[in-house]
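Asker: using only what follows, build the 3D model:
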Amino acid sequence: MPSIADVVAVLRHPGFGFAEPWALALVALAPLVYALASGLPSSVAYSSLSLVGARGERSLRVRLAWVPAALLALATALLAVALAGPRTGDAVTRVEREGIAIAMVVDRSGSMEARDFVRGDASASRLDVVKQIFRDFVTGGDGGAPRDDDLIGLVAFARYADGLCPLTLDHGNLLAILGDVATPTEPSEDGTAIGEGLALAVERLRRQETASKVAILLTDGVSNAGEIDPLQAADLAAQYGIKVYAIGAGRSGFAPFPVRRPDGRTTLQRARVEMDELTLQRIAQRTGGRYFHATDADGLRQVVDEIGRLERSEVAEVRYLEYEHHFAPVVAAALACAGIAALLGATWLRRLPA
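Answerer: Residues are numbered from 1 along each chain as shown. Next up is the predicted model:
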């Protein structure tokens, strides 16, 4: 069993917290357990107290009759705390490097399913190509330089914008999250809220104390959803010194889209798509960035070269590499309380009738 000093040290640890804090609400069950346990019959009816020679005095056992119920209530509270998963962050490191803060803003609307890109000998969706461009940008694939020293985050948008990954140096997890990005499956979620996505990226970047803050906007369409106009989001980015590099994927006109047939086969059907290049150019112009039309990897290389010339400054990130869990001593204490309550209730503090 840990000593009181050990418990105090854990509670005062700067990385102390709970894995499942919602479980602490179960502590409220402790009073109910106490009420149920202490509500059992604890007296015997006699025709006259003179038969047992009672003088109204309360013995020590009578005065301590509440102890088993209290121990059971305490055991309930301790089990709730154990279920919440008390833990302390271990192996804390502060990672400091010279880099840029970059928010990648990726369009995942339904039009990104267009198959007008070619990868190898087969057609590929715009979203797949954009994701590959993103991976190459982060890892330095296709002959580029890896962005190991840059804080990079991910925002995806369709009808709504989602901050999928905060700005981080942990690019492995970032790319794992990117791999799960897909176009909407419900029509009510489809749309192209460019302004919403860019505004969310600005909110993430503005708090970073770095000399260079960049948003890379990858989209293929026309903004048709959201309450924030793309140019309003661009003005907000300019206000906080954030440059926006806009990349348009694909071309306006007709593009093949995958369509599932009743027999289960998937075929390609031509449909009209549009791209608002003028708005993307204005976004880049207002923020001091640049616009690129990415029909292949050449647009990406230009973006990489441009960002590589930006002023680099120190970026820092605190990481908890692993956690030390403390639920075992709490469970042991709960079991000890329950055991002592059962032992006392069956022996010295046994209540009658049994």
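Asker: going forward, measure contacts and count neighbours with C-alpha atoms only.
Answerer: Fine.
Asker: quick one: low-confidence residue ranges for this structure.
Answerer: Within the chain, the set of residues satisfying pLDDT under 70 comprises 1-15, 39-58, 89-98, 116-123, 142-144, 251-273, 294-322, 351-354.
Asker: what sits against the residue nearest to Ala161 when sequence neighbours are not counted?
Answerer: Spatial nearest neighbour of Ala161, excluding adjacent residues (C-alpha to C-alpha, 6 or more residues apart in numbering): Gly197 at 4.9 Å. Going by C-alpha atoms under 8 Å, 6 or more residues apart in numbering, Gly197 touches Val105, Val155, Ala156, Phe157, Tyr160, Ala161, Asp162.
Asker: between the residues you listed, which sits nearest Asp180?
Answerer: Ala156 (11.0 Å; C-alpha to C-alpha).
Asker: ok, for that closest one, nearest residue in space, not its chain neighbours?
Answerer: Nearest non-adjacent residue to Ala156, counting by C-alpha to C-alpha, 6+ apart: Val106, 4.7 Å away.
Asker: would you say the one you found is within a helix?
Answerer: No - Val106 is assigned strand when assessed by DSSP: H, G, I helix; E, B strand; the rest coil, not a helix.
Asker: who's in contact with Gly163?
Answerer: Contacts of Gly163 (C-alpha under 8 Å, 6+ apart): Leu154, Val155, Ala156, Leu200, Ala201.
Asker: from those, which is closest to Pro329?
Answerer: Checking the contacts of Gly163 against Pro329 with C-alpha to C-alpha, the nearest one is Leu154 at 39.5 Å.
Asker: can you tell me the helix or strand for that closest one?
Answerer: Per DSSP states H and E: Leu154 is located in strand 151-157.
Asker: so which elements touch that strand?
Answerer: strand 101-107, strand 161-168, helix 171-179, helix 194-205 (3 or more C-alpha pairs under 8 Å, 6 or more residues apart in numbering; DSSP states H and E).
Asker: next, the angle from it to helix 171-179.
Answerer: In terms of direction (axes from the mean of the first three to the mean of the last three C-alpha atoms, to 10 degrees), strand 151-157 departs from helix 171-179 by 10 degrees.
Asker: can you give the contact residues for strand 151-157?
Answerer: If you take C-alpha under 8 Å, 6+ apart as the criterion, strand 151-157 is touched by 99-109, 161-169, 171, 174, 178, 181, 192-194, 196-197, 200-201, 315.
Asker: name the strands paired with it and say parallel or antiparallel.
Answerer: With DSSP bridges as the test, strand 151-157 is paired with strand 101-107 (parallel), strand 161-168 (antiparallel).
Asker: who touches stretch 70-78?
Answerer: Where contact means C-alpha under 8 Å, 6+ apart, the residues beyond stretch 70-78 that reach it are 26-34, 37, 330-331, 333-335, 337-338, 340-341.
Asker: buried subset of the residues you listed, written for ChimeraX?
Answerer: The following ChimeraX line selects those of the contacts of stretch 70-78 that are buried, judged by 16 or more other C-alpha atoms under 10 Å:
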select :26,27,30,31,33,34,37,330,331,333,334,335,337,338,340,341
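Asker: go through the contacts of stretch 70-78 and flag which are in helices.
Answerer: Counting by DSSP state H, the part of those found in helices is 29-34, 37, 330-331, 333-335, 337-338, 340-341.
Asker: closest one of those to Thr185?
Answerer: Leu29 (41.8 Å).
Asker: for the closest one, give me its contacts.
Answerer: Residues near Leu29 by C-alpha under 8 Å, 6+ apart: Ala73, Thr76, Ala77.
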